[in-house]
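J.: give me a 3D structure for the following:
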Amino acid sequence: MSSITIAVGADHAGFGLKDVIAAHLREQGFEVLDLGTHSGESVDYPDFGAAVGRAVAGGDAELGVAVCGSGIGICMAADKIPGVRAGTVHDETSARLAREHNDANVICLGQRLVGETVALAAVGAWLAASFEGGRHARRTAKLDDLTPTD
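T.: Purely as a prediction, here's the structure:
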């Protein structure tokens, strides 16, 4: 069994895909920290994006996956948490590059835009990829150094 914990979270527009991803991750041997939501009842995506971001930044999880309707709003919320580098991904290539070039520790997907098969392939590509460092390390360091007044 993997010793990696992955936090997952979603709003009402993403909870179905979040549940599919969580089940897949468990089948792959990952520990899953499911931060909700668990129904189609309307909730606010910033709450769940921030929860995933806080779990990763706080060390409760090494990585995070967040889902909303488009993947955009929940990504904005997760990225507000210091120590999080979240990216919205749409396929295997964008997910792989998010890890290799941006060292993304959270990826976000849109249930209204990405089907289950593509989403699972994207998560798999992200997990299989490694940060390349080199010129990318200089760029991620600049991201880490940004402050709200920059």
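
J.: what's near enough to touch residue 118?
T.: With Cβ atoms under 8 Å, 6 or more residues apart in numbering as the criterion, the residues that contact residue 118 are 90-92. Quick note: C-beta positions are derived from backbone N, CA and C, even for glycine.

J.: can you read off the pLDDT for it?
T.: At residue 118, the pLDDT value in this model is 98.

J.: re earlier: any of the contacts of residue 118 buried? List them.
T.: Buried subset of those (neighbour count, 16 or more other Cβ atoms under 10 Å): residue 92.

J.: closest to residue 71 among the contacts of residue 118?
T.: Residue 71 has its nearest neighbour among the contacts of residue 118 in residue 90, at 7.6 Å by Cβ to Cβ.

J.: what sits against that closest one?
T.: 71, 109-110, 113-114, 118, 122.

J.: kindly report the same for residue 12.
T.: Counted by Cβ under 8 Å, 6+ apart, residue 12 has contacts 37, 39-43.

J.: pick the one among these closest to residue 103.
T.: Once Cβ to Cβ is applied, the member of the contacts of residue 12 that ends up nearest residue 103 is residue 37, at 27.8 Å.

J.: distance check, that closest one against residue 99.
T.: 26 Å (Cβ to Cβ, to the nearest Å).

J.: please apply the same query to residue 26.
T.: Relative to residue 99, residue 26 is positioned 21 Å away (Cβ to Cβ).

J.: now residue 86
T.: Distance from residue 86 to residue 99, by Cβ to Cβ: 12 Å.
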